[in-house]
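Participant: Got a predicted model here, sequence first, then my questions.
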Number of protein chains: 2
Amino acid sequence: MTYCVALSVDEGLVFLSDTRTNAGVDHISTARKMSVFEQPGERVLVLLAAGNLSLTQAVLRELSEPSDPAEPTLWNVPTMPDAARVVGRAVRSVHQREAQALNDFSVEFNCSFILGGQIAQDVEAAGSRTPPPRARLFMIYAAGNFIEASSVNPYFQIGESKYGKPIIDRVLVPQTPLDEAAKCALISMDSTLRSNLSVGLPLDLLVYQKDTLRVTRFVTITQDNAYYQMIHRTWGERLRQVFGEIPDPDWQDAAAIPHADLEDDAVLFRAPASTAHGAVDARPAQTLAQADKPKARR
Amino acid sequence: MTYCVALSVDEGLVFLSDTRTNAGVDHISTARKMSVFEQPGERVLVLLAAGNLSLTQAVLRELSEPSDPAEPTLWNVPTMPDAARVVGRAVRSVHQREAQALNDFSVEFNCSFILGGQIAQDVEAAGSRTPPPRARLFMIYAAGNFIEASSVNPYFQIGESKYGKPIIDRVLVPQTPLDEAAKCALISMDSTLRSNLSVGLPLDLLVYQKDTLRVTRFVTITQDNAYYQMIHRTWGERLRQVFGEIPDPDWQDAAAIPHADLEDDAVLFRAPASTAHGAVDARPAQTLAQADKPKARR
C-alpha cells in the first residue's frame, strides 16, 4: 500500500507521500509517489499517486510524455480544474488500454490521485500585476472523475488513510499556518507508519507557499532526518503523557443497575437452569461515576 | 460498520463495542454487539461481534439456544480455548446454512468475533483453593478458525479498526493497569467516532477484573455519560495543545539541493522546451533544518 496526504490551507498547500510499495509482504520495494510539474513563475502542479504501481506509472507516462500532442497537457492547460481533467483523461486512457487484460487475471483497476497546485493567469489577458488564481486541490478517482477540496474538507488522503485521519480531523482548519499543516501531515504519516507495515520511509514532503509559482520547500525525509526523528519521538512521548494525565474511569457501586434490562437487550445471557449451580448473584455491581475526578497519582 | 475492541492486560480484560449498524448511510440503526455469558463464580464469557448483522445474530442464536443439545456449549466447556472452538463451530454451522444463498445475491459471508473471559477449574478435580486458570482473549474469523492474544499482541479489534489503532499501539502494554486500559479503549473509540460516521453511540463497556468470575463493571455509555464527555473534550483539547507545542519545521536555504537527482528519480518534471518561456530558475530552494529548534511563540 501507500499513504499520501495533501492539505489545503489559506497560506498554500502541503503534499506528503511515502515510498513503500508491496505486492505481498515478501515483495516490498521503494517507489516515488510524488511527481512535480514545474514551470517556474508560471505553474506548479504536484501529483500524488496510490494504487497498482503499473497503473499509476502508466498514467504518469501518459502525463509526462503525452501520446497525442494535440490534446491539452499539464504544461499548457490554463486552469487547475483543466489540469485535473487532463489527469482524469489520462486515467481513462490507461483504463481503456489495460483494464480488460488485468481483469482476465482478476487484478482490479485500482489507482487514485491527488493533484494540487497553482497556474498563473494568461499574462496578456490579465495584465502582469494581477495575482494568480488561488491554489487548488483535487482528488481524481480510478474512473477519471474528480472532486475538489474546500474549506469544510481541506484535505485529501489516498492509500492507507484511516490510521492518520483522526489527528488531521482534530487539528486542521483552513486558517492553520502552512508550517503547522506540514507538521500535521508528518504526524499523520508517523501514526500510519507506526501501525501499518505497508507504509514506509523515506517520505517526500513538498510545501507550496501560494503565489510563489515555484517549488521552494521540498525535502526527502529518511531515517536520519532530525526533524522527523524529533516528531516521531516527541509525539509518542507527549501522547503517552497526556494519556496518563486524563483521569481513569471512577467506578462506583451501583446496586441499582437495571439488570433485567440487560437481559431484555440480549447483552447478558444466563446459564439454563440445568447447568446452573450455586446461588446466583450476578448484578453488574459497579458503573461509571458521573463526574470528573482529578486523577490520583500512583 | 462497527468498532469493537478488547484489551488483555495482567489485571484482566476490557471489552468495548459501539452499537451502530448500517446498510448504507440512509439505513442506520442500533444493535448491541456485546453479549455476556455469565455463571457467577464459575465463568464469565464476553463475545463481541462485527459484520453482517443477520449472520452475527444467527451465530449468537446458535450459541444461546444450541440446536444440538449433545454438543458442548459455552455453558459447559471446561476451558477458554474450548469456548473459542464452540464459537468457531457455530460460525461454521451458520456458514453451511447461509453462505450459498447469500452468495446468490452477491452478499459476502462477513462476520468476525472477539471472545474473552475466564472459566474456573473443575472444583472436584482441582480443590477449591486453586486459583482459576488465567483470563484469555481470542479472535474468531468468518471461517471459524481463531487466534489468541499474547503479551506482544495484547489486543484485538474488529470492524472499523484502523482509526483507533495508533493510540493503542502507543500506550498499551500488558502491565497497563486495568482502568487505564479501559481509558485507552475509550480514547481509541472516540478517535473512531470522530472520523467515521458508521460507528456510533451508545457504547457498551465491560471491564473484567481477573479471578472475580463475575461481571462487576459494566456501563452503557450514552451522550450524557460525564466520563466519556470528559475524555472526548479533554483528549481533543490536549492533543491540540501538544500539537501546538511541537516545533514547526524550520526551513533553511539550501541552494545545494541535488536538483538533478530529483529529475532522475522522476519526482520533478520540466516543461518541454517548446512550452517553456522565461528564464528557468527552479531549484528547490529550502530544505528542512537538521536540528530541533524550540518553537517560537507566535
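Facilitator: Everything's here; your move.
Participant: So what's the gap between stretch A:188-199 and the chain middle?
Facilitator: 11 Å (C-alpha atoms, centre = their mean, to the nearest Å).
Participant: same deal with stretch A:70-84?
Facilitator: With C-alpha atoms, centre = their mean as the basis, stretch A:70-84 stands 25 Å off its chain's centre.
Participant: measure it end to end?
Facilitator: One end of stretch A:70-84 to the other measures 18 Å (C-alpha to C-alpha, to the nearest Å).
Participant: Run a quick neighbour tally on whatever residue of chain A ends up closest to chain B.
Facilitator: Closest residue of chain A to chain B, C-beta to the nearest C-beta: A:K162 (3.4 Å). For glycine as for every other residue, the C-beta is placed from the backbone atoms N, C-alpha and C. Around A:K162 there are 21 other residues, counting by other C-beta atoms under 10 Å in any protein chain shown.
Participant: what about it, helix or strand, and which?
Facilitator: Assigned by DSSP states H and E, A:K162 belongs to no helix or strand.
Participant: residue contacts, it?
Facilitator: Residues in contact with A:K162 (C-beta atoms under 8 Å, 6 or more residues apart in numbering or on different chains) are B:E160, B:K162, B:Y163, B:S195, B:N196.
Participant: If we use 6 Å, what do you get?
Facilitator: B:K162, B:Y163 (C-beta atoms under 6 Å, 6 or more residues apart in numbering or on different chains).
Participant: Then A:L48?
Facilitator: Shown in contact with A:L48 (C-beta under 6 Å, 6+ apart): A:C4, A:S17, A:K33, A:M34, A:I114.
Participant: Show me the contact partners of the helix or strand containing the first one.
Facilitator: Taking DSSP H and E as the criterion, A:C4 maps to strand A:3-9. Among residues not part of strand A:3-9, those counted as contacts by C-beta under 6 Å, 6+ apart are A:14-18, A:33, A:48, A:50, A:114, A:116, A:137, A:149, A:154-160, A:174, A:176, A:181, A:185, A:188, A:192, A:199.
Participant: Please tell me I have it right and A:N196 contacts A:E160.
Facilitator: Yes: at 5.3 Å, A:N196 counts as touching A:E160 under the criterion of C-beta atoms under 6 Å.
Participant: residues in contact with A:A49?
Facilitator: Applying C-beta under 6 Å, 6+ apart, we find A:A49 in contact with A:K33, A:T56, A:F113.
Participant: Could you list the buried residues of the host helix or strand of A:R85?
Facilitator: Using DSSP H and E, the element containing A:R85 is helix A:80-104. Residues of helix A:80-104 classed as buried by neighbour count (16 or more other C-beta atoms under 10 Å in any protein chain shown): A:80, A:83-95, A:98-99, A:102.
Participant: list the helices and strands it packs on?
Facilitator: Where contact means 3 or more C-beta pairs under 6 Å, 6 or more residues apart in numbering or on different chains; DSSP states H and E, helix A:80-104 is packed against helix A:53-64, strand A:111-119, strand A:136-140.
Participant: now it: mean pLDDT?
Facilitator: Helix A:80-104 shows a mean pLDDT of 94 in the predicted model.
Participant: Now do the end-to-end distance for stretch A:20-32.
Facilitator: Note: stretch A:20-32 ends 8 Å apart using C-alpha to C-alpha.
Participant: quick check: mean pLDDT across it?
Facilitator: 67.
Participant: for stretch A:211-224, same thing?
Facilitator: For stretch A:211-224, mean pLDDT is 89.
Participant: Then stretch A:49-60?
Facilitator: 92.
Participant: residues in contact with A:A84?
Facilitator: Under the criterion of C-beta under 6 Å, 6+ apart, the neighbours of A:A84 are A:L115, A:F138, A:F146.
Participant: What of A:V87?
Facilitator: By C-beta under 6 Å, 6+ apart, A:V87 lies in contact with A:F113, A:L115, A:I140.
Participant: at 10 Å instead, please
Facilitator: A:V87 sits next to A:45, A:47, A:49, A:59-60, A:62-63, A:74, A:113-115, A:138, A:140, A:144, A:146 when contact means C-beta atoms under 10 Å, 6 or more residues apart in numbering or on different chains.
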